[in-house]
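Q: task: produce atomic coordinates for the following.
(one chain, ligands or ions: 2)
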Amino acid sequence: MHIAVTGNIGAGKTTLTTMLAKHYGWDAQFEDVDHNPYLEDFYADMSKWSFALQIYFLGSRFRQVKEIRESGKNIIQDRTIYEDAHIFAENLNDMKLLSDRDFNNYISVFGLMKSFVSAPDLLIYLKSDVPNLVKKIYKRGREYEASISIEYLSKLNQKYEKWISEYTEGKLLVIEVDDLDFVEKPEDFGFILEKIEAELNGLF
Ligand SMILES: Nc1ncnc2c1ncn2[C@@H]1O[C@H](COP(=O)(O)OP(=O)(O)O)[C@@H](O)[C@H]1O
Ligand SMILES: Nc1ncnc2c1ncn2[C@H]1C[C@H](O)[C@@H](COP(=O)(O)O)O1
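A: Ligands and ions are numbered 1, 2, ... in the order given. As a prediction, this is how the structure comes out:
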């Protein structure tokens, strides 16, 4: 079984991935953030570092895809490789922070990798509006993320909405998280578990 949690920066993916992995006793795969050699530089100068960061995330995410294929374990994954290409790289190209030449180069490598990628058995989209994302990013307190603009988050949210509305690769569960506090309220976490189990009925 492979479940992936998707959503904008600050939506709660890492928190929910951690809680689900603990609850079900599954392995968790997290994003390469704390040891990422480009992320801090990227936020200081997006135009300069966008290509290097995208290649780094693509490689790191592909390593996870390979592990999921080879391990045969139940895995819950914090963000997918699709988001790197269809959300982040595309948005940087739209914002002219990633040149057409670099974007086309990136997309051609992504296209090769995509044939090895299997969609998760269930994709859980954590939907959140921009003011709530800002609050949660602030609460998390990574210094280099203080420069993230409302415009950047809004554009990413638009990309997410479009991508999710067209997602047909597998089962999809959309959870509106703005009125849920699954960290502090066990009943809210229980509500999410019920939804997941209804979607995966028969696979558990
Ligand atoms: N539903 C929620 N209710 C309250 N706090 C939340 C919720 N989801 C996430 N948080 C908090 O918001 C911050 C960002 O969450 P995180 O899981 O790191 O988001 P993401 O991985 O999507 O970027 C963390 O401090 C987390 O504890
Ligand atoms: N592909 C990406 N391009 C740019 N930035 C990215 C990409 N993938 C993740 N990120 C950033 C966004 C956040 O600052 C950190 C961690 O993501 P999060 O949504 O908070 O788990 O990496």
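
Q: mind listing what the residue minimising distance to the centre of the chain touches?
A: For the chain, R79 is the residue whose C-alpha lies nearest the centre (C-alpha atoms, centre = their mean; 2.8 Å). R79 makes contacts with 4-6, 13, 31, 61, as judged by C-beta atoms under 8 Å, 6 or more residues apart in numbering. Where C-beta positions appear, they are placed from N, C-alpha and C, glycine not excepted.

Q: what do you get for K96?
A: By C-beta under 8 Å, 6+ apart, the neighbours of K96 are S47.

Q: also I87?
A: Going by C-beta under 8 Å, 6+ apart, I87 touches 156, 159-160, 163.

Q: can you tell me which of the contacts of R79 lies closest to ligand 1?
A: Distance to ligand 1, by C-beta to the nearest ligand atom, is smallest for K13 among these, at 3.5 Å.

Q: now the residue in the chain that ligand 2 sits nearest to: how far from I75?
A: Ligand 2 sits closest to F88 of the chain, with a gap of 3.3 Å, by C-beta to the nearest ligand atom. The spacing between F88 and I75, counted by C-beta to C-beta, to the nearest Å, is 22 Å.

Q: following the chain onward from the one helix or strand Y138 maps to, which element is next?
A: Y138 belongs to helix 130-140 when elements are defined using DSSP states H and E. Downstream of helix 130-140, the first helix or strand assigned by DSSP H and E is helix 150-165.

Q: contacts for that next one, please.
A: With contacts defined as C-beta under 8 Å, 6+ apart, helix 150-165 is touched by 6-9, 82-83, 86-88, 90-91, 94-95, 125, 127, 129-130, 133-134, 172, 174.

Q: kindly report the residues of this structure close to ligand 1.
A: Neighbours of ligand 1 within the chain, by C-beta under 6 Å from any ligand atom: 7, 9-15, 136, 139-140, 177, 180-183.

Q: taking those residues, tell me the two that lie furthest apart.
A: By the measure C-beta to C-beta, I9 and D181 form the most distant pair in the residues of the chain next to ligand 1, at 18.8 Å.

Q: looking at these two, which is more packed in?
A: For I9 versus D181, neighbours defined as other C-beta atoms under 10 Å are more numerous around I9 (20 against 12).

Q: and what about the more buried one, helix, strand or coil?
A: coil (DSSP: H, G, I helix; E, B strand; the rest coil).

Q: which ones are touching it?
A: Counted by C-beta under 8 Å, 6+ apart, I9 has contacts 133, 137, 145, 148, 153, 156.
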